[in-house]
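Chemist: Turn this into a model:
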Amino acid sequence: MASVNYYTPEGLQKLKDELQDLKIRGRAKAAEDLREARDKGDLSENAEYDAAKEAQGLLELKISKLEEVVGNARILDDTNMDVSKVLIMSKVKLKNLKNNMVLDYLLVAEEEANLAAGKISVKSPIGKGLLGKKVGDVAEITVPAGKLQFEILEVSR
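Modeler: Alright, predicted model coming up:
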């Protein structure tokens, strides 16, 4: 059974747009590639045709998975959420206790994560370690590079 994931309205719309693009332009391109490969002669020895068929299969798999994600997606209503602790869609200001660096993150669903934009997944090691923490708490988080300690300076929506 697929799990429910929560998204911002913008994040869900981005997924729907990608799905629509794959269904329309992606399928049209795959059909054109198959048509071109079929025109090149004997299909039993046509590597280009085999590659086009495989690409079409991968495209359909991607469409299927994206349909499942969109089907199980829910838009997050953060109006009734507790703003005193870190939850999905929380803006968190952290202080790395090892180097005193201050970081700002927004916790989002896995598909919306973008470290360059300051958005981290709630399923990432840091995201998991921050969930449920309050201002003043110290989160000790195990990452591939070792253990890090972050002090929660601020939580907002």
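
Chemist: Report the buried residues of the longest helix anywhere in the chain.
Modeler: With residue count as the measure and DSSP state H as the assignment, the chain has helix 47-71 as its longest helix. Of the residues in helix 47-71, those with enough neighbours to count as buried (16 or more other C-beta atoms under 10 Å) are 49, 52-53, 56, 59, 63, 66, 69. Any C-beta I mention is one placed from the backbone N, CA and C, and that applies to glycine too.

Chemist: Switch those over to a markdown table; also include distance to Glu18 and pLDDT.
Modeler: Written out in a markdown table, the entries for the buried residues of helix 47-71 read as follows (distance: C-beta to C-beta, whole Å; pLDDT from 0 to 100):
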| residue | distance to Glu18 | pLDDT |
| --- | --- | --- |
| Tyr49 | 27 | 85 |
| Ala52 | 22 | 89 |
| Lys53 | 23 | 90 |
| Gln56 | 18 | 94 |
| Leu59 | 12 | 95 |
| Ile63 | 10 | 95 |
| Leu66 | 7 | 91 |
| Val69 | 10 | 87 |
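
Chemist: so what's the spatially most central residue of the chain closest to, chain neighbours aside?
Modeler: Within the chain, the residue whose C-alpha comes closest to the C-alpha centroid is Glu111; the distance, by C-alpha atoms, centre = their mean, is 1.1 Å. With sequence-adjacent residues excluded and distances taken as C-beta to C-beta, 6 or more residues apart in numbering, Glu111 is closest to Leu15, at 6.5 Å.
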